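Q: below is the sequence, then the predicted model.
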Amino acid sequence: MTPMPRDWSALGERLAAWEPPQGAFNPGGAWSLRYTRHALIPELDGTPGRGAQSGTLRLEQQPDQETLQLRAAETVTTGYSAPTTLAEITCTKDALLTPRRWALTIRWQTSAPGKVTAGELDQKRGGHVEGKELVFQATRERRRPAPERWTSFWSLFAAVQRLPFAQGSVLTFDLFEELELHKPGHRLAYIGPHPVAQGAKTLNLHVFEQTGHGVLPWRWWLDDQHRVLLAAGGRLAYLLESGATGGVA
Amino acid sequence: MIAPNIRRRTFLKSGAAGGLGLILAAQRAPAAAQKRPPNLLFMHLDQHYWEAVSAFGCPHVRTPSIDRLAAQGTSFSLSYSANPVCCPARTCWYTGRASSENGVVMNDQWPVAPEMPDLGQWFSARGYDSVYAGKWHVTGRTVTDSFRMLTPGSGVGEVTDGVVSRAAEGFIRSRRTGSQPFFLNVGFLQPHDCCYWVMEHGDGAAHTRLGALPADLPPLPLNHGYDPSEPAALGRRRNKREGSGWSDDQWRWYLWNYDRMVEMADAEVGRVLDALDDSGLADETLVVLTSDHGDGLARHGLTSKMFLYDEAARVPFIVACPGRAQSGVRDTRHLVSGLDVAPTLCDFAGLEGLPKARGLSLRPLLEGRTDSPWREFLVAETFRTGRMVRTPEYKYIAYQGDPVTQLFDMRSDPGELTNLAADATKTDVVRDLAGRLASWEKTLDLLPLKEPGPKKAGKRKRAALG
């Protein structure tokens, strides 16, 4: 089988006005990056669809002496609902940017005809690492043994940007999506450089691939500044906003 | 599912059919009368074949949440969709009536009979807070006419199943014990995204992968091959399916991806179950988990659904209700149908059943009264012409107008590879099952179907996806 990933072409017309980012970027410094979230739905004949937008993700990283603060604001739009998850995560400065402590606020925007009472679905969540346990706080506290290596999906955006572009550049970990859904056995590895035609230009990108339980394979497409331009799984993609500059907060 | 005149006969026969095939650490439900009706949580997956669950022995998939629910309740192994495609299967759940009666015989083109009540209307009118999150897909009826809607689905499980589970858990966590009972419906879409995967890989290229294929690809199923003399409807379906030109590795790569989509669904199920536990409502809530239909999964060289082989028609069906039903039971004997959802929910809620509901309440089985009379056969439909009769021993499949019928000995040939319909030693079996099918059809109030109008592009896509 010839490898022919469709991550970019699957975005269809969404790329027509998209410009790659400009300027230098320091993955280890303070930065803010905004992504649009897209549904990748092929046409019946298998050709790429139109990459309909299904929300946004804003990530901010602020390193300090001992830890790294990561903030994520992810909104998913679906019909008349648009929940937004605000995550504030204190990460250890290790390769996986492993969360130490986190707080989640989930707010719903909804319109008729949902008949949902204002605030009915809103939630606040939290959690932290305590010894060798992960402690999850919702309406009740849950504890579970901490995997030896683990991280959150949002942390991966920051962690993958710190990896060298070299064969053998690999992370292995258990994934906690939304700091809640446990998906073990993940491996994220450098695949190599991969040119992508974008209009009249060719982007010389670098690709990491991630596999594990509970997800379809993700590809992380980074520019030569180590900035994530596109993260694409099976039917879902996060595309860096058009024309982003530098990424400095 | 079975008309009263047939039921008496079959009940008598099934009463001598033996005990549960397998009981795992079963705990009897308390016999004490319950004080208030339970909350009802009906979670459905989409395109989930019954066997793709680690608790049921599948070594290629990890489903701790479904396993957990199975440990808390009863899992039915002989569980069949009433009509293995999305709209028909769902309409059977919600109306309790067979497709030939409710009118929804295929996706999107035929609407449900407007006068036929659905579970949302039924429970709302009887004191339940009836709410819905996710995929609905009952043709001709707007979900908000029947339920208080929390959040809709999107057609892409990977994009919005997380939103659906978040809405469900938000709803659950906002409830208090002892308050108005709720009927929460949660329609997850995974692993249905496999339909997109098939479309995307129609030409056999890897496409969604850059690196080497994983080392842990599942093996091809033993029934990957098929009998070329099978009914014409299946041959036509196979020839137009995108997977018809796939290599063995591409098929296995498909199975690997399907398993990951099942795991996505499992994670979202876990989020809802956690909320139920955390809120203290688990002990007063009946949980039902099933799927509208299965998937071809390379068996008989097929993907998708809309046919009556087990891979498309057989679905998980788990019911748990701590304190009111047994836990840790795996029932491998009783035949159950998607039509049993409505009678079961109504029974536990203490309500009269939906008018002319064709299924049976699972309550006697769930309460451990396994000597209760039970059906001896069930029928599933597909489109307007396909019918399946399943007994514990046999499966008989007939497509109206097709001279080829199928008979499989499900005990010696669970992969449905050897068609015994023309076997002279099975003439009586075929006659008996054809007779049961005819009797069953006579009990239905068949709804005359008009020819549908031409489908719009969007509907064509939905119909193809199911």
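A: Sure, I can see it.

Q: around chain A, which positions in the stretch 201-350 of chain B sit nearby?
A: Remark: the part of the stretch 201-350 of chain B in contact with chain A comprises B:201-211, B:213-214, B:242, B:247, B:249-250, B:257, B:260-261, B:263-264, B:266-268, B:270-271, B:274-275, B:277-279, using C-beta under 8 Å from any C-beta of the partner chain. Any C-beta I mention is one placed from the backbone N, CA and C, and that applies to glycine too.

Q: strand partners of the helix or strand hosting B:Val389, parallel vs antiparallel please.
A: Using DSSP states H and E, B:Val389 falls within strand B:386-390. When pairing is defined by DSSP bridges, strand B:386-390 lines up against strand B:378-382 (antiparallel), strand B:394-399 (antiparallel).

Q: quick one: which of those is nearest B:Asp331?
A: Among the strands paired with strand B:386-390, strand B:378-382 comes nearest to B:Asp331, with 14.2 Å by C-beta to C-beta.

Q: distance of B:Asp248 from chain A?
A: To chain A, B:Asp248 is 12 Å away according to C-beta to the nearest C-beta, to the nearest Å.

Q: and the residues of the stretch 201-350 of chain B next to chain A, which are buried?
A: Neighbour-count burial (16 or more other C-beta atoms under 10 Å in any protein chain shown) is assigned, among these, to B:201-202, B:204-211, B:242, B:250, B:257, B:260-261, B:263-264, B:266-268, B:270-271, B:274-275, B:277-279.

Q: next, count neighbours for the closest residue to chain A within the stretch 301-450 of chain B.
A: The minimum distance from the stretch 301-450 of chain B to chain A, using C-beta to the nearest C-beta, falls at B:Ser304 (12.7 Å). Applying other C-beta atoms under 10 Å in any protein chain shown, we find 26 residues neighbouring B:Ser304.

Q: just checking, it touches B:Gly296?
A: Yes - contact criterion C-beta atoms under 8 Å: B:Ser304 and B:Gly296 qualify, at 5.4 Å.

Q: and A:Thr105, what element?
A: Going by DSSP H and E, A:Thr105 is in strand A:99-110.

Q: helices or strands up against the helix or strand that that strand is followed by?
A: Sequence order places strand A:123-130 as the next helix or strand after strand A:99-110, per DSSP H and E. Under the contact criterion of 3 or more C-beta pairs under 8 Å, 6 or more residues apart in numbering or on different chains; DSSP states H and E, strand A:123-130 touches strand A:99-110, strand A:133-137, helix B:157-173.

Q: how about a cut-off of 10 Å?
A: strand A:81-92, strand A:99-110, strand A:133-137, strand A:141-145, helix B:157-173 (3 or more C-beta pairs under 10 Å, 6 or more residues apart in numbering or on different chains; DSSP states H and E).

Q: in chain A, what residue is nearest chain B?
A: Counting by C-beta to the nearest C-beta, chain A gets nearest chain B through A:Leu121, at 3.3 Å.

Q: what about that residue, how many neighbours?
A: Residues contacting A:Leu121 under the criterion other C-beta under 10 Å number 26.

Q: let me know whether it touches B:Ala168 as I believe.
A: Yes - using C-beta atoms under 10 Å, A:Leu121 is in contact with B:Ala168, at 9.0 Å.

Q: between those two, what contacts are shared?
A: Common contact partners of A:Leu121 and B:Ala168 (C-beta atoms under 10 Å, 6 or more residues apart in numbering or on different chains): B:Ala133, B:Leu150, B:Thr151.

Q: thinking again about what came up before, what mean pLDDT does the strand holding B:Val389 get?
A: For strand B:386-390, mean pLDDT is 97.

Q: quick check, distance from it to the centre of its chain.
A: Here strand B:386-390 is found 15 Å from its chain centre; the criterion is C-alpha atoms, centre = their mean, to the nearest Å.
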